[in-house]
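Novice: Quick check, what structure comes out for this input:
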Amino acid sequence: MRASIYSAILAGLVCFASSSTCQAQSEAIIDRDSKVQKISGDFKFTEGPVWDRESTLYFSDIPNKTIHSWTADDGVQTLRVLDGSCNGLRIDSEGRILVCQPTGRAVIRITPNGDVETIASSYDDKTLNSPNDLWIDPQGGVYFTDPRYGNMDDLQQSGFHVYYIPADGSPIKRVIDDLVKPNGVIGTVDGKKLFVADPGAQKTYAYEITAPGVLGKRTLAADAGSDGLSVDSLGNLYVTGPSIRVFNTNAEEIASIPVPENAANMTFGGADGKTLFITARTGLYSVELKVTDGSDPFAKGTPSK
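Specialist: Model (predicted):
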């Protein structure tokens with residue numbers, strides 16, 4: 001499907017702090033004449049976009065329980081229909097797709113040849129709530145959020161928490177237990193910082209990662225909740241909603257990118273890594289930026305740790 005240009009140029013791109021520094025930070029991210037493009041539509045609820053570091057974008061359509069792929073040449077194709085549905089997606093160093101399954105109540109891994117493996121379905125011998133979003137650290141460990149939306153029957157955990165799946169196969173760890181309803185999660189490419197959105201409290205926090213699966217000091221990263229999160233190569237944090245809001249490392253809002261539909265999640269990709277792909281309710285959108293991804297430790301050109 002051909003991309004259509006969203007009718008509004010990014011006139012809504014604004015600097016919220018009245019300073020030349022803030023303006024410079026905003027202009028370092030995006031040109032004011034950049035346009036949001038609609039790539040495809042007619043989905044039910046898009047989520048979980050992830051770039052495969054080559055030429056393909058993958059994303060979820062949650063109610064349809066479907067993972068789709070998209071390339072510039074072939075457009076949107078159906079990759080997989082999953083009984084346990086699908087939400088957040090990531091791709092590990094071996095090209096396997098990790099999937100949060102909200103109704104399946106598990107985190108699974110799909111190999112390039114289509115084999116499926118469950119890597120987390122319980123904590124402390126109790127079934128997980130509804131895994132929502134995840135991020136893979138430089139060691140291959142996985143942080144994931146476990147809230148629940150909709151039907152609250154058969155909740156076995158003590159609340160909505162954040163967990164870590166160690167890369168060595170040892171038991172998963174609960175790493176955050178004091179949030180209202182954690183949702184989006186992402187870390188920095190160097191593995192030193194983890195961002196977790198808590199839309200239940202309308203806050204997003206940054207945690208120091210002191211060791212794999214070990215979190216230290218917490219600070220406010222954005223005075224806003226979010227469904228999905230992204231971070232760019234300058235360390236700016238992107239949160240979703242009626243627009244994509246951008247916060248600098250001082251938790252100051254420096255820009256806002258309007259989107260035709262309420263944005264759920266986003267990821268960097270494209271030939272030069274500067275395309276921000278946005279999943280927004282029924283549509284899939286993109287916008288060209290000046291920055292690249294700051295979260296994937298396995299991307300080409302990432303310095304060795």
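
Novice: Can you report how many residues lie near residue 243?
Specialist: The number of residues packed near residue 243 is 18, by other C-beta atoms under 10 Å. (C-beta placed from N, C-alpha, C; glycine too.)

Novice: go on, the one 3 residues further on?
Specialist: Residue 246 has 27 neighbouring residues, counting by other C-beta under 10 Å.

Novice: And the one 4 residues further on, by the same measure?
Specialist: Counted by other C-beta under 10 Å, the residues lying close to residue 250 total 12.

Novice: Residue 302: what's it in contact with?
Specialist: 189, 296 (C-beta atoms under 8 Å, 6 or more residues apart in numbering).

Novice: can you check residue 174 too?
Specialist: Contacts here follow C-beta under 8 Å, 6+ apart; on that basis residue 174 touches 123, 124, 161, 162, 163.

Novice: repeat for residue 284
Specialist: Contacts here follow C-beta under 8 Å, 6+ apart; on that basis residue 284 touches 38, 39, 40, 41, 43, 46, 49, 59, 70, 76, 277, 278.

Novice: Against residue 75, how distant is the fourth one?
Specialist: What that stands for is residue 41. Applying C-beta to C-beta, to the nearest Å, the value for residue 41 to residue 75 is 12 Å.

Novice: Settle it for me: which of the two has more neighbours?
Specialist: residue 41 (17 against 14).

Novice: can I assume the more buried one is in contact with residue 282?
Specialist: Yes - with the criterion set as C-beta atoms under 8 Å, residue 41 and residue 282 qualify as a contacting pair; they are 5.5 Å apart.

Novice: quick one: common contacting residues for those two?
Specialist: Counting by C-beta under 8 Å, 6+ apart, residue 41 and residue 282 have no shared contacts at all.

Novice: between the contacts of residue 284, which has the most around it?
Specialist: residue 278 (31 neighbours).

Novice: So it versus residue 236, what's the distance?
Specialist: Per C-beta to C-beta, residue 278 is found 16 Å from residue 236.

Novice: Likewise for residue 277?
Specialist: Residue 277 sits at a distance of 17 Å from residue 236 (criterion: C-beta to C-beta).

Novice: Cross-check the contact I'm expecting between residue 47 and residue 279.
Specialist: Yes - assessed by C-beta under 8 Å, residue 47 is found in contact with residue 279 at 5.4 Å.

Novice: Counting neighbours, go ahead and name the busier of these two.
Specialist: Of the pair residue 47 and residue 279, residue 279 is the one with more neighbours under other C-beta under 10 Å, namely 29 against 24.

Novice: Can you give the distance from the helix or strand that contains the more buried one to the centre of its chain?
Specialist: In this structure, residue 279 sits in strand 275-280 according to DSSP states H and E. Averaging C-alpha coordinates over strand 275-280 and over its chain gives two centres that are 10 Å apart (C-alpha atoms, centre = their mean, to the nearest Å).

Novice: Can you name the residues in contact with that strand?
Specialist: Outside strand 275-280, the residues within contact range by C-beta under 8 Å, 6+ apart are 36, 39, 46-49, 51, 57, 59-60, 228, 230, 238, 244, 257, 259-270, 284-289.

Novice: who touches both of residue 47 and residue 279?
Specialist: Taking C-beta under 8 Å, 6+ apart as the contact definition, residue 47 and residue 279 share the neighbouring residues 59, 60, 228, 264, 265.

Novice: Per-residue pLDDT of the first one, please?
Specialist: Spelled out, it's residue 59. Turning to residue 59, the model gives it a pLDDT of 98.

Novice: before we move on, what about the last one?
Specialist: In the predicted model, residue 265 carries a pLDDT score of 98.

Novice: That one is in contact with residue 227, isn't it?
Specialist: Yes - at 6.1 Å, residue 265 counts as touching residue 227 under the criterion of C-beta under 8 Å.

Novice: Pick out whichever of those two has more residues nearby.
Specialist: Just comparing residue 265 and residue 227: by other C-beta under 10 Å the higher neighbour count belongs to residue 265, 29 against 22.

Novice: for that one, what are its contacts?
Specialist: Residue 265 touches 46-49, 88, 133, 184, 227-230, 240, 278-279, counting by C-beta under 8 Å, 6+ apart.

Novice: what's the closest non-adjacent residue to it?
Specialist: Of all residues not flanking residue 265 in the chain, residue 228 sits nearest, at 2.8 Å (C-beta to C-beta, 6 or more residues apart in numbering).

Novice: In a strand, residue 245, correct?
Specialist: Yes - judged by DSSP: H, G, I helix; E, B strand; the rest coil, residue 245 forms part of a strand.
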